[in-house]
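> Would you be able to build a 3D model of this:
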Amino acid sequence: MGLGLVASLIGISLAAVFSPLLALRDIRVEGTTSLDPAQIVDAVDDQLGTPLALLDEGRLREQLGQFTLIRSYSTEILPPGTLIIHIVERSPVGAIVRGNAFDIVDAAGVVLASSAARPEGLPLIVVEAADPESPAFRSVAEVLLVLPASVRDQLDSIAATTRDDVTLTLAGSTQRVVWGSADDSEHKARVLAALVAIHGGSGPGTYDVSAPGTAVFNAG
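Sure thing, here's the model as predicted:
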């Protein structure tokens, strides 16, 4: 009798899990700013009516993979019939010139969009062969991610030929920054912000933060 009760409970549980009462009826998308949530819902709504326990994660991953702007996502099931998709979007860090176009890229080098005109508010990224797989690009990306807004908003371009020779040019001036490698970038960023606050309007010159403990501004 005990085994019969257990079997009955298992049967009831399975029936509940796979019941149409617990089928997918609503899809919600959260976390988007550039993407249209309705387009994401349209891409994945072919699983509406499927019991929540039978949702095809592989198909969902493939469908969401069509959106270049999605960096990552997570899902949350809210019984009795809601799927919430939490989106983390890719953020542009700069533009790479390829031919006659400007490719807007994120820190991983993924092309988010292309434009015939230089996009406003983004620095030019200059690396050999415009290669986002190169060590030079990876160093540039690391630097861009740690720059404070006070410096990033003044940035015109950032260049490197190796991982150890990153340089920055500030917009609207003849000032440049010798950054060096991406090592210790957070410290360098703090030191640079302090130096720019002091010397930002003092005419041409070079900030050298390659050794942040002895960083200097050389005028002229």
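> For stretch 58-75, which residues meet the burial criterion?
Within stretch 58-75, the residues scored as buried using 16 or more other CB atoms under 10 Å are L60, Q63, L64, F67, L69, I70, Y73. Glycine gets a C-beta too; all of them are placed from N, C-alpha and C.
> Of these, which belong to helices?
Mapping the buried residues of stretch 58-75 onto helices (DSSP state H) picks out L60, Q63, L64.
> Touching, the last one and Y73? I think so.
Yes. A contact is recorded between L64 and Y73 when judged using CB atoms under 8 Å, the distance being 5.8 Å.
> shared neighbours of those two, which are they?
I85 (CB atoms under 8 Å, 6 or more residues apart in numbering).
> Dead centre of the protein: give me the residue that sits there.
The centroid of the chain falls nearest to R90 when counting by CA atoms, centre = their mean (3.2 Å).
> if I look at it, how far off is G172?
28 Å (CB to CB, to the nearest Å).
> likewise Q39?
For Q39 relative to G172 (CB to CB), the value is 38 Å.
> Of these two, give the one with the bigger neighbour count.
Neighbour tally, Q39 and G172, criterion other CB atoms under 10 Å: the higher count belongs to Q39, 12 against 7.
> picking that back up, CSV please, covering the buried residues of stretch 58-75 and showing distance to A113 and pLDDT.
Conversion of the buried residues of stretch 58-75 to CSV gives the following (distance: CB to CB, whole Å; pLDDT from 0 to 100):
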residue, distance to A113, pLDDT
L60, 25, 97
Q63, 21, 97
L64, 19, 97
F67, 13, 97
L69, 9, 96
I70, 14, 97
Y73, 20, 98
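> May I ask which two of those are separated the most?
Using CB to CB, the buried residues of stretch 58-75 reach their maximum pairwise distance at L60 and L69, which is 16.7 Å.
> hey, what's L83 bridged with?
I27, I77 (DSSP bridges).
> Much appreciated, bye for now.
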